Every structure is written in C-alpha cells, then in structure tokens.
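Student: sequence below, structure please.
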Amino acid sequence: MEEKENMCCDTEEVHEELLKIVNETMPDETELYDLAELFKVFGDSTRIRILFVLFEAEVCVCDLARVLNMTQSAISHQLRILKQNKLVKNRREGKSIFYSLADDHVRTIIAQGREHIEE
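Tutor: Numbers count the residues shown, from 1 in each chain. Have a look, this model is predicted:
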C-alpha cells in the first residue's frame, strides 16, 4: 500500500532569515494578480491552438476559423482576449485584419510550458 506524503513539518520552526529574503523579493500584490491573470489566458486550449497557428504565419480571422474548424465569431472572441493581454497584435490590409504574435515572449512561454510537461 502506498504511503501518503506528509506535506507538513513535524515541528513548527520559523526560519527568520529565509522569510526576510522572501519578503524582500516578493512582488507586490498587483503584479502577482496581473501575472496570475496572464497565466489564466493560457488556460484555454482554443487560445493555445490560435497561438500555435500564429507561430507559423500571420493570418486573418477567416483563416483561423477554417484551420481550427470554428466560427469567426468564436475566433474573434478569443483573439480579443489574447490582444487585451498583449499576446497578439493585428494590422489592417484592405478589408482584412491580420493577426500575429505580439513578440517572441509568447513563443518562449509556450516552449517552456511544453518543456515542463514533457519532463
């Protein structure tokens, strides 16, 4: 029978020096909240699929809808969220709006996430 791992200390001992270091380096609540919100954006598989398409090419909503087999309305909704979080950008060309990754940070975040789950 498998033993459950005890997640608590056997005795209560506070390590003041460690706590001092943590308190000096901990970001403020606003930054922590913003970071958590950013990671929530990556918590939707449709948005991840959109980002993977954008890794390969700059595309319009029509192209995204076709390749992901979704409605343009559903794609537009997800693109709005990605754009609000500065993960994608767009440009107009005639009657079309083309989307692309906002910067290489997006690619790095996804690559590191993939590396982590493959460990």
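Student: how about R49, nearest residue that isn't a chain neighbour?
Tutor: Closest residue to R49 apart from its sequence neighbours, by C-beta to C-beta, 6 or more residues apart in numbering: L68 at 5.6 Å. C-beta here means a position set from N, CA and C on the backbone, and glycine is covered the same way.
Student: so who does L32 touch?
Tutor: Residues in contact with L32, defined by C-beta atoms under 8 Å, 6 or more residues apart in numbering, are M26.
Student: before we move on, the earlier item: from K20, how far out is the residue nearest to R49?
Tutor: 49 Å (C-beta to C-beta, to the nearest Å).
Student: Q78 and S45 touch, don't they?
Tutor: No: the criterion here is C-beta atoms under 8 Å, and Q78 misses it with S45 at 10.3 Å.
Student: okay, these two: which has more neighbours?
Tutor: A count of neighbours by other C-beta atoms under 10 Å puts Q78 above the other of Q78 and S45, at 21 against 8.
Student: got the confidence number for the residue nearest in space to the middle of the chain?
Tutor: Centroid-nearest residue in the chain: F42, 3.2 Å away (criterion: C-alpha atoms, centre = their mean). Note on F42: pLDDT of 95.
Student: and if you look at E3?
Tutor: For E3, the model assigns a pLDDT of 64.
Student: my guess is the residue nearest to R49 meets F52, correct?
Tutor: No: L68 sits out of contact with F52 when judged by C-beta under 8 Å, with a separation of 9.6 Å.
Student: the more surrounded of those two?
Tutor: Taking neighbours as other C-beta under 10 Å, L68 and F52 compare with L68 leading, 16 against 12.
Student: if I look at the more buried one, how far off is Q84?
Tutor: From L68 across to Q84, the span is 20 Å (C-beta to C-beta).
Student: try H116
Tutor: According to C-beta to C-beta, H116 and Q84 sit 25 Å apart.
Student: more neighbours: the two, which one.
Tutor: Legend: neighbour count by other C-beta under 10 Å for H116 and Q84, higher for Q84 (11 against 8).
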